[in-house]
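**Q** Just need the structure, nothing else, for what follows:
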Amino acid sequence: MLWTIFAVLMILWLLGLVSGHTIGGFIHILLVIAIVAVLIRIIQGRKPF
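**A** The predicted structure is shown next:
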């Protein structure tokens with residue numbers, strides 16, 4: 001489940017990079033959330049992917 005959320009957030013972030021500044025800082029917030037989710041998973045002792 002967490003891996004799916006991470007993948008979706010990364011795809012949205014990449015789309016934001018390609019589309020320019022149409023969405024603004026929202027995409028970067030999604031990227032930070034995705035990274036935090038992976039870090040939490042690592043800290044809990046699970047594989048990140």
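**Q** and the helix-or-strand element of the chain with minimal mean pLDDT, what does it pack onto?
**A** Every helix and strand of the chain was ranked by mean pLDDT, DSSP states H and E. The lowest is helix 2-19, at a mean of 75. For helix 2-19, the packing partners by 3 or more C-beta pairs under 8 Å, 6 or more residues apart in numbering; DSSP states H and E come out as helix 26-43. Quick note: C-beta positions are derived from backbone N, CA and C, even for glycine.
**Q** Would you mark the buried spots in the helix it packs on?
**A** Within helix 26-43, the residues scored as buried using 16 or more other C-beta atoms under 10 Å are 27, 30-31, 34, 37-38, 41.
**Q** Put the alpha carbons of that helix into PDB.
**A** This file holds the C-alpha atoms of helix 26-43, laid out as PDB (Å, rounded to 0.1, in the frame of the first residue of the first chain):
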ATOM      1  CA  PHE A  26       1.800  21.400  -4.800                       C
ATOM      2  CA  ILE A  27       3.900  18.900  -6.700                       C
ATOM      3  CA  HIS A  28       7.000  19.500  -4.500                       C
ATOM      4  CA  ILE A  29       4.800  19.000  -1.400                       C
ATOM      5  CA  LEU A  30       3.800  15.600  -2.800                       C
ATOM      6  CA  LEU A  31       7.500  14.800  -3.300                       C
ATOM      7  CA  VAL A  32       8.300  15.600   0.300                       C
ATOM      8  CA  ILE A  33       5.400  13.500   1.500                       C
ATOM      9  CA  ALA A  34       6.600  10.500  -0.700                       C
ATOM     10  CA  ILE A  35      10.100  10.800   0.700                       C
ATOM     11  CA  VAL A  36       8.900  11.000   4.300                       C
ATOM     12  CA  ALA A  37       6.700   7.900   3.700                       C
ATOM     13  CA  VAL A  38       9.700   6.000   2.500                       C
ATOM     14  CA  LEU A  39      11.900   7.200   5.400                       C
ATOM     15  CA  ILE A  40       9.200   6.100   7.900                       C
ATOM     16  CA  ARG A  41       9.100   2.700   6.300                       C
ATOM     17  CA  ILE A  42      13.000   2.400   6.600                       C
ATOM     18  CA  ILE A  43      12.900   3.500  10.200                       C
END
